[in-house]
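Chemist: Sequence first, then the predicted structure:
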Amino acid sequence: MSSLTAARNAAMADFITASGQWAITLAYNNHRPGTSGPCYRITSEGECLRIGGSGIAAHYGINRLAGGRRISLEQVHRDLDRLHARVDRKLFGCRFNELPGEQRTAFVGFVEHARTNLHVHLTWRVPETRAEEFVSVIAEAWRATGPAATIDVQPIRDAGWGRYVTKDQWGAALDDAALFVASRPAAR
């Protein structure tokens, strides 16, 4: 890694750590193993039988098809916009969008492994008056995204989170701006 790249990574890590009180990892788990339906089996007599997918996790020796699904970066951005609105509506009421930006929540982060194990690392700023209820609200809102969606929410204690989030991002985010995510500014 060049010294310029290292300096950029350090600057971005400092910014991300300073911008939020919560470190969040959102995962779609679009690669989750299991069987998908429908499956077909040809009998020794040549008859084609339809076998429904079980949806259960695959184990060694179980015949399975990949259960993965492709999630576009556009879908990730839509899901984050929807998540942000759900969280703010739950924390501030149905007129959350009329509040000034500094009174609402906000986030910045990066999408990682868009082609394989897609997940998003975020720092999320929450007004002190709502910090206590934030964790349960965002967890419930993200799980509504899909049956395999998982979330990890941790308070930011030091610059380690910022370094972790930016470890591979400068080159990737410069090549594809869609890998960088941020909340939209408030209307007022």
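Modeler: The structure has been received and is ready for your questions. If you're wondering where the values come from, they're calculated on a predicted model, not measured in any experiment.

Chemist: Apart from its neighbours in sequence, what residue is nearest A141?
Modeler: R86 (4.0 Å; C-beta to C-beta, 6 or more residues apart in numbering). C-betas here are computed from N, CA, C, even on glycine.

Chemist: That neighbour: which element?
Modeler: Element membership of R86 [criterion: DSSP states H and E] is helix 73-92.

Chemist: Relative to S136, how far out is the residue nearest to E112 when sequence neighbours are not counted?
Modeler: If you skip the residues right next to it in sequence, E112 has H119 as its closest partner in space, 5.6 Å away by C-beta to C-beta, 6+ apart. From H119 across to S136, the span is 21 Å (C-beta to C-beta, to the nearest Å).

Chemist: Tell me which of these two has more neighbours.
Modeler: Under the criterion of other C-beta atoms under 10 Å, the comparison of H119 against S136 puts H119 first, with 20 against 11.

Chemist: Would you mind giving the domain segments of the protein?
Modeler: 3-32+68-182, 33-67 (automatic domain parsing).

Chemist: which stretch in these has the least confidence?
Modeler: For these, the weakest mean pLDDT is recorded on domain 33-67, namely a mean of 55.

Chemist: one step back: count of neighbours near the residue nearest to A141?
Modeler: Neighbour count of R86, defined by other C-beta under 10 Å: 18.

Chemist: what's the answer for W161, then?
Modeler: The number of residues near W161, taken as other C-beta under 10 Å, comes to 22.

Chemist: now T43
Modeler: Other residues near T43 number 8, with proximity taken as other C-beta under 10 Å.

Chemist: One more: E102?
Modeler: Residues lying near E102 (other C-beta under 10 Å) number 9.

Chemist: Kindly report the same for the one 4 residues further on.
Modeler: Counted with other C-beta under 10 Å, the neighbours of A106 add up to 20.
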